[in-house]
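1. Return atomic coordinates for the entry below.
(2 chains)
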Amino acid sequence: MPLIELKKICKTYSETKVPVEALRDVDLEIEKGEFSAIVGPSGSGKTTALNIIGGLDDPTSGQIIVDGHDISTLKKDEMINFRLHHIGFVFQAYNLIPVFTARENVEFIMLLQKISKEEREKRAIELLTAVGLADRIDSRPSELSGGQQQRVAVARALASHPSFVLADEPTANLDSKSAISLLELMEVLNHEYGMTFVFSTHDSRVIKRAHRVITLVDGMIASDVLNTSAHEN
Amino acid sequence: MLIQLAWKNLWRNKKRTLIAASSIFFAVVLSVFMRSVQKGSFDYMIHITRSSQPGYIQVHGKEFWDKRSLDQSIVIDSKEQKQFREIPNVTSVVPRLESFSLISFGSATKVASIIGTEPTSEDQMTRLKSKVIAGTYLDNTSDGILVAEGLAKTLKVSVGDSIVLFGQGYQGMTAAALLPVAGIVKFNFPAQNEKSVYLNLHTAQWLFAAPDRITSLSFMIGNIRYLKPITGEIRSVCGNRFEIMTWEEMMPELVQMIQSKIAAASIMLMILYLVVGFGIFATVMMFTNERLREFGMLISIGMRKIRLICVTFIETIFISFIGVAAGSIIGFIIVFYGMRHPIRLTGETAEMMLSYGFEPLLTFDITPALFTDQVVIVTIIALVSAIYPLMFIRRLKPVKALHSL
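-> A predicted model of the protein is given here:
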């Protein structure tokens, strides 16, 4: 059974004078352990697709099955709870809590999951070490570079033991070196821990490294190809 | 960790938090100061007024209060009086026989208020002895009289002179006597200083042909908060035979004056807190709006809206209570100092107070309500202010919030 399954997903934004069809009859399956990129030009619907997979937005029609659950039928509070336990998020603008240290930011999601203090601390330190920030555990976001902040965001996304991680343009705000370093980190996590990554991007460096590239154009899947060179790497 | 988050959030913008907390701080200090002075002054006024004559509670014959006639005088035997004196928190009980009569010396005649009393207990209640400015105070066997200073001046009498009292006694009997002036007493209250004459209770009973009779029994109590229970105890001793009146019933104009002043001060404090409330609301609004994206992120990663609302509520409570705590401490220090060192007024205000018989003092009072009321008011402000983040977060859509600037 696929980890993520989108069936005939349509999304129309009706708030504007002229309704905008962001997604049109999208059918998509993503398996566990994939390292996939949803790509396309601006306005193609990639962020909308990611939001719908993450349960942040409702489709106008269609069905979404994530980890065996039909999330299109979940109520708001059930959806929040589902996100907490099944989905890790990495945002374009890092979105860390500015008043917390790196460790506290990673711990926070586990607090929401009601994990014990000892366990939270232990796992937060492990994760921050895994993303290469063992020496910046007690630094606040303002004391970290963009790349380091995004690493903390990755550690936070993994802290809740999600089924998969959704990353919306994770490298958009990073310089070249930091972007490559982050991608390498995500690849390692995918390879060594089998963590599924789905990210939206139009960054060619990310696309090159994605194992599968799903291209959206005008809200429809224009192509869905395996990137064999990336696999071999 | 939620509390920790709320606390840390407060200090994202230190200046703003301190300004918001300061507005509450000053409001609390001002409010504590104003209410303390107000309560202290009113208690002082009540105490002085009460201890000047009728006491906190008075027992008298039915209809006496309206008719003020010796025919409404009553007999309360010594056993019953002893029972009254033994009621807990009753500090003194003064039996009095009061009437009006003409008072003459030489060619001058005036109408005077004749008050027959027990000198010892009268002094305990009204400190009459301390008001003697010439001659000597009465003792229980003395048959002299004390004449108020203003009246003595009008009659041109001095200590040692004998003056004529002439009036009507109990049940139409003639009351006439020639009594020596034992002393002159000075009262601050002009009306009292112009017409009062004090004499021993037994002399008055003889003068008015009313043996064993009194017109009133006045009670002084340790603290005004015991007023109701003591009134109940008095009623249980004397039943329905007499009328029992509290100071509020005897002096409705004083109660009315106090109530109107309290109302005026309350309106002022309400305006003050309204201004502070808007200040807090504006702060809460700012720190809510500027964290739109963060709220979106927190809801996205799985934080329930109710928990987020709790965090913002705790933040509002923190800001408010920093101000209340600091304001209460400083307010307490100020009013505590004021209690120990009442401020002496000067100028016109002082003269006006003196003319009413009050010492020109700004007195303070400390009660727990002075501080608990602030906590209640500020909690209400915090709760009202917390409605904004509550509505804001309830309506928040994480996708829109995440993509906001």
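2. For the rest of this, base every contact and every neighbour count on C-alpha atoms.
-> Will do.
3. Where does chain A get nearest to chain B, which residue?
-> A:Leu84 (4.1 Å; Cα to the nearest Cα).
4. Number of residues surrounding B:Leu345?
-> 14 (other Cα atoms under 10 Å in any protein chain shown).
5. likewise B:Tyr226?
-> 13.
6. Ok, B:Phe105 next?
-> 18.
7. returning to what we had before: for the residue of chain A closest to chain B, which non-adjacent residue is closest in space?
-> B:Gly302 (4.1 Å; Cα to Cα, 6 or more residues apart in numbering or on different chains).
8. Return the residues of chain A in contact with chain B.
-> A:51, A:56-57, A:77, A:80-85, A:87-89, A:95-97, A:99-100, A:108-109, A:111-112 (Cα under 8 Å from any Cα of the partner chain).
9. Give me the buried subset of those residues.
-> Among those, the ones that count as buried by 16 or more other Cα atoms under 10 Å in any protein chain shown are A:51, A:56-57, A:80-85, A:87-89, A:95-97, A:99-100, A:108-109, A:111-112.
10. ok, the residue in the stretch 51-200 of chain B that chain A sits nearest to - contacts?
-> The stretch 51-200 of chain B approaches chain A most closely through B:Asn89 (57.3 Å), counting by Cα to the nearest Cα. If you count contacts by Cα atoms under 8 Å, 6 or more residues apart in numbering or on different chains, B:Asn89 has them with B:221-223, B:226, B:230.
11. Kindly check the end-to-end length of stretch B:128-139 for me.
-> Distance between the two ends of stretch B:128-139: 12 Å, counting by Cα to Cα, to the nearest Å.
12. how far does that stretch sit from the chain's center?
-> On the basis of Cα atoms, centre = their mean, to the nearest Å, stretch B:128-139 sits 29 Å off its chain's mean C-alpha point.
13. Likewise for stretch A:105-120?
-> 20 Å.
14. got a list of contacts for that stretch?
-> Residues from elsewhere that reach stretch A:105-120 (Cα under 8 Å, 6+ apart): A:84-85, A:96-97, A:121, A:123-124, A:152-153, A:155-157, A:159-160, B:1, B:301-303.
15. Same question for that stretch: list its buried residues.
-> Those would be A:105-113, A:120, for stretch A:105-120 by 16+ other Cα under 10 Å.
16. now these in TSV, with pLDDT?
-> As requested, these are exported to TSV (pLDDT from 0 to 100):
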residue	pLDDT
A:Asn105	92
A:Val106	93
A:Glu107	92
A:Phe108	90
A:Ile109	90
A:Met110	92
A:Leu111	89
A:Leu112	89
A:Gln113	90
A:Arg120	92
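17. Of those, which pair is most distant in space?
-> Farthest pair in those (Cα to Cα) is A:Asn105 and A:Gln113. Separation: 13.6 Å.
18. Wasn't A:Asp224 part of a helix?
-> No: read with DSSP: H, G, I helix; E, B strand; the rest coil, A:Asp224 is strand and lies in no helix.
19. Tell me who's in contact with it.
-> Counted by Cα under 8 Å, 6+ apart, A:Asp224 has contacts A:212-215.
20. Which one (most neighbours) among those?
-> A:Val213 (24 neighbours).
21. quick one on the thing from earlier: for ChimeraX, what selects the buried ones among the contacts of stretch A:105-120?
-> Burial among the contacts of stretch A:105-120 is assessed by 16+ other Cα under 10 Å; the matching ChimeraX selection reads:
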select /A:84,85,96,97,121,123,124,152,153,155,156,157,159,160 /B:301,302,303
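22. quick one on the thing from earlier: so of the buried ones among the residues of chain A next to chain B, which ones are in helices?
-> Taking DSSP state H, the ones among those that sit in helices are A:51, A:80-85, A:108-109, A:111-112.
23. quick one: which two of the residues you listed are the most distant?
-> Longest distance between any two of these is 23.9 Å, between A:Asn51 and A:Leu111; criterion Cα to Cα.
24. Now do the buried residues in the helix or strand harbouring B:Lys14.
-> According to DSSP states H and E, B:Lys14 maps onto helix B:14-52. The neighbour-count check on helix B:14-52 (16+ other Cα under 10 Å) flags B:17-52 as buried.
25. what's the answer for stretch A:181-194, then?
-> Here stretch A:181-194 shows A:182-183, A:185-187, A:189-190, A:194 as buried, counting by 16+ other Cα under 10 Å.
26. What residues are bridge-paired with B:Ala112?
-> Note on B:Ala112: beta-bridge partners by DSSP bridges are B:Ser101.
27. On the pLDDT front, check it for me.
-> According to the prediction, B:Ala112 has pLDDT 93.
28. Number of residues surrounding B:Ile322?
-> With other Cα under 10 Å as criterion, B:Ile322 counts 18.
29. so the residue most central in space within chain A, which of the three states?
-> What sits nearest the mean C-alpha location of chain A, by Cα atoms, centre = their mean, is A:Leu166, with 1.3 Å. Secondary structure, three-state DSSP: A:Leu166 is strand.
30. roughly how far apart are it and B:Val275?
-> A:Leu166 is 47 Å from B:Val275, where distance means Cα to Cα.
31. Also A:Leu96?
-> With Cα to Cα as the criterion, A:Leu96 and B:Val275 are 35 Å apart.
32. residues contacting B:Phe321?
-> Taking Cα under 8 Å, 6+ apart as the definition, contacts of B:Phe321 comprise B:21, B:375, B:378.
33. what does B:Ile299 give?
-> A:80, B:305, B:398.
34. quick one, phi psi at it?
-> Main-chain dihedrals, B:Ile299, degrees, to the nearest 10: phi -70, psi -40.
35. show me what contacts the residue nearest to B:Leu151 when sequence neighbours are not counted?
-> Once flanking residues are discounted, B:Leu151 sits nearest to B:Glu194: 4.7 Å by Cα to Cα, 6+ apart. Shown in contact with B:Glu194 (Cα under 8 Å, 6+ apart): B:148-151.
36. So which of those are in helices?
-> Using DSSP H, the contacts of B:Glu194 in helices are B:149-151.
37. What is the end-to-end distance of stretch B:108-128?
-> Its start and end residues considered, stretch B:108-128 measures 26 Å (Cα to Cα).
38. meant to ask about stretch B:345-362, not that
-> End to end - Cα to Cα - stretch B:345-362 spans 7 Å.
39. before we move on, the earlier item: make CSV from the contacts of B:Phe321 and add distance to chain A to it.
-> CSV is the format used below for the contacts of B:Phe321 (distance: Cα to the nearest Cα, whole Å):
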residue, distance to chain A
B:Ala21, 20
B:Val375, 28
B:Val378, 26
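40. Let me see the contact set for A:Arg83.
-> Neighbour list for A:Arg83: A:54-55, B:300-302 [criterion: Cα under 8 Å, 6+ apart].
41. do that again at 10 Å, thanks
-> A:54-56, A:71, A:77, A:89, A:160, A:162-163, B:299-303 (Cα atoms under 10 Å, 6 or more residues apart in numbering or on different chains).
42. The helix ranked longest in chain A - contacts with which helices or strands?
-> Ranked by residue count, the top helix of chain A under DSSP H comes out as helix A:176-193. Applying 3 or more Cα pairs under 10 Å, 6 or more residues apart in numbering or on different chains; DSSP states H and E, one finds that helix A:176-193 contacts strand A:35-39, helix A:117-130, helix A:146-159, strand A:196-201, helix A:204-209.
43. now do 8 Å
-> Using 3 or more Cα pairs under 8 Å, 6 or more residues apart in numbering or on different chains; DSSP states H and E as the contact test, the elements touching helix A:176-193 are helix A:146-159, strand A:196-201, helix A:204-209.
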